[in-house]
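Peer 1: Sequence isn't available, so here's the structure alone:
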DNA sequence: TTACTTTGTGTCATTTTAACACTTTCAAAT
DNA sequence: ATTTGAAAGTGTTAAAATGACACAAAGTAA
């Protein structure tokens, strides 16, 4: 047992493997990603949150840990996107300098395992935070460059989210418990990056019967107040048991 | 430049990162996977082909290399499944022994990046090979255990293939250039693991117009000879340009 | 009271899907 | 030469899903 611990160098950072997280949030208008601001004396200012893994933790744990360390959030929807790591992914001098500044060890060849997670934006408001690293929500459509190969990772994560939301009811992780059908509608349009007919969307969701209307409406809005709904996990379970496969988007 | 080489330890094996390949083949009846036979003095006899990566190669290259080293095949359809690597994935003593026997270095914590590839079975017939490692085609349905966490990797690869074939015409990589619609039909049934109505399947494929009949039929079969077809890459391109999204399976 | 904004609702034509059975064509056996 | 066996190939119909489309209702703010 001692021997195994020694072999695996538990409790130690693995210098060759990191995780990066694409943390998605939805502001009822568009999709956002939580990015680290590295300051102005490096190449691209913004980067995905990430870190080396410990030899004692598995990859999912490492992903959760990075998310937790940045936001304090636990039990968040998290899914692996894949592994990235061209030998030349650290492609400019300032990126290398920055890496050295945040890591004890010299930079070896690193492959990174990317995750995406879905959080309710209200659960993490950067300005209210007192963590050392400064993070900020950035609209995905406004991101044109990121550190290292993070733009590739972001694009892969967007693609994965797009595919996944066609088959699984994961979008609700981005919404508060109570939401309107219009919010859900805009969420799907944001992720799928295409317009969906309002009436057809509502018909489809309500036919599937995975949302339940509650005895409560929006208040204080300067227009007709919207009916609020909650996601119905039990009904969704029933659906899957009858061979439900995808949402047909 | 010298300095960068030194930092990355090019030409050297990275002790912490490996690739494993799930190599699929189709025998016109069912789906098969090419597995390494490790002999009888270890735990599970069979394992996925895999190896540590070189620091000088990227992950896709490492996947191609493993495939090439085993089969001699190049330019094969290859796609990443994801990264695997619980700290305890080397879960029994004989697996550890085996690893030591094939690797120079002592076994560290290894994370592995899994790939799946699609090959024409006729292009690799194990018995005709003279490579040191013995490999064999095994029906996916008959695989109940594998070395390490390879059964998890296999299942993930099967799932990925299942999803992918619903949206991309990758199945043709498993068939010879000339094939019959019945062969294509059985291929889809094998991968999707569900029966598909013959007439509806043929109608769908022919409506999409991605296969072209050639002036040639099956010969020497003891029944009505089947029309042969080839995959039509150009027609498929046109389809995608008109917003084609999936095959609807 | 008016203006403004967003919610919420139904129909119809078209397309897609699922279910289903019999004839044809060849090789092999008699 | 005839029979047998085995897979290929083909069309219709009913049901379901999709896509296109417009206007009244309900609230706040001015």
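Peer 2: It's in. Since the structure is predicted, the reported quantities are computational estimates derived from the model, not experimental observations.
Peer 1: What segments of chain A are helices?
Peer 2: Defined through DSSP state H, the helices belonging to chain A, from first to last, are A:2-8, A:59-71, A:93-102, A:150-165, A:181-192, A:198-208, A:233-241.
Peer 1: would CSV of these with mean neighbour count and mean pLDDT be doable?
Peer 2: For every residue, glycine as well, the C-beta is placed using N, CA and C. Output for the helices of chain A, formatted as CSV (neighbours: other CB atoms under 10 Å in any protein chain shown; pLDDT from 0 to 100):
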stretch, mean neighbour count, mean pLDDT
helix A:2-8, 12, 44
helix A:59-71, 20, 97
helix A:93-102, 14, 80
helix A:150-165, 18, 98
helix A:181-192, 18, 98
helix A:198-208, 13, 98
helix A:233-241, 12, 96
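Peer 1: Which among those is found nearest to residue B:88?
Peer 2: Closest of the helices of chain A to residue B:88 is helix A:2-8, at 8.9 Å (criterion: CB to CB).
Peer 1: sorry, back to before: so which of the helices of chain A is nearest residue A:22?
Peer 2: With CB to CB as the criterion, residue A:22 lies closest to helix A:150-165 of those, at 3.8 Å.
Peer 1: quick one: contacts of that closest one?
Peer 2: With CB atoms under 8 Å, 6 or more residues apart in numbering or on different chains as the test, helix A:150-165 has contacts from A:20, A:22, A:24, A:33, A:47-48, A:79, A:81-82, A:84, A:112, A:114, A:116, A:118, A:140, A:143-146, A:170-171, A:188, A:191-193, A:247, A:249, B:163.
Peer 1: So that helix, near DNA strand D or not?
Peer 2: No - Helix A:150-165 is not in contact with DNA strand D by CB under 7 Å from any atom of the strand; minimum separation 14.8 Å.
Peer 1: The lengthiest strand in chain A: how far from the chain's middle?
Peer 2: Counting residues, the longest strand in chain A under DSSP state E turns out to be strand A:13-26. What separates the centre of strand A:13-26 from the centre of its chain is 10 Å, taken as CA atoms, centre = their mean, to the nearest Å.
Peer 1: partners of that strand, with directions?
Peer 2: Note on strand A:13-26: by DSSP bridges, its sheet partners are strand A:31-37 (antiparallel), strand A:50-54 (antiparallel), strand A:111-118 (parallel).
Peer 1: how about the residues of chain A that lie near DNA strand D?
Peer 2: For chain A, the residues in contact with DNA strand D (CB under 7 Å from any atom of the strand) are A:197-200, A:203-204, A:217, A:219-225, A:248.
Peer 1: filter those down to the ones close to chain B.
Peer 2: When the residues of chain A next to DNA strand D are filtered against chain B using CB under 8 Å from any CB of the partner chain, no residues are retained.
Peer 1: Quick one, which of the contacts of helix A:150-165 are buried?
Peer 2: When burial is judged by neighbour count using 16 or more other CB atoms under 10 Å in any protein chain shown, the buried members of the contacts of helix A:150-165 are A:20, A:22, A:24, A:33, A:47-48, A:79, A:81-82, A:84, A:112, A:114, A:116, A:118, A:140, A:143, A:146, A:171, A:188, A:191, A:247.
Peer 1: Name the residues of stretch A:211-225 that are buried.
Peer 2: With burial defined by 16+ other CB under 10 Å, the residues of stretch A:211-225 counted as buried are residue A:211.
Peer 1: and the helices of chain A as TSV, adding distance to residue B:99?
Peer 2: Putting the helices of chain A into TSV (distance: least, CB to CB, whole Å) gives the following:
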stretch	distance to residue B:99
helix A:2-8	11
helix A:59-71	20
helix A:93-102	31
helix A:150-165	30
helix A:181-192	42
helix A:198-208	48
helix A:233-241	39
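Peer 1: related to what we said a few turns ago, next, see if the longest strand of chain A gets close to DNA strand C.
Peer 2: No - in terms of CB under 7 Å from any atom of the strand, no part of strand A:13-26 sits within range of DNA strand C; the closest distance is 14.6 Å.
Peer 1: what's the neighbour count on residue A:56?
Peer 2: Other residues within reach of residue A:56 by the criterion other CB atoms under 10 Å in any protein chain shown amount to 16.
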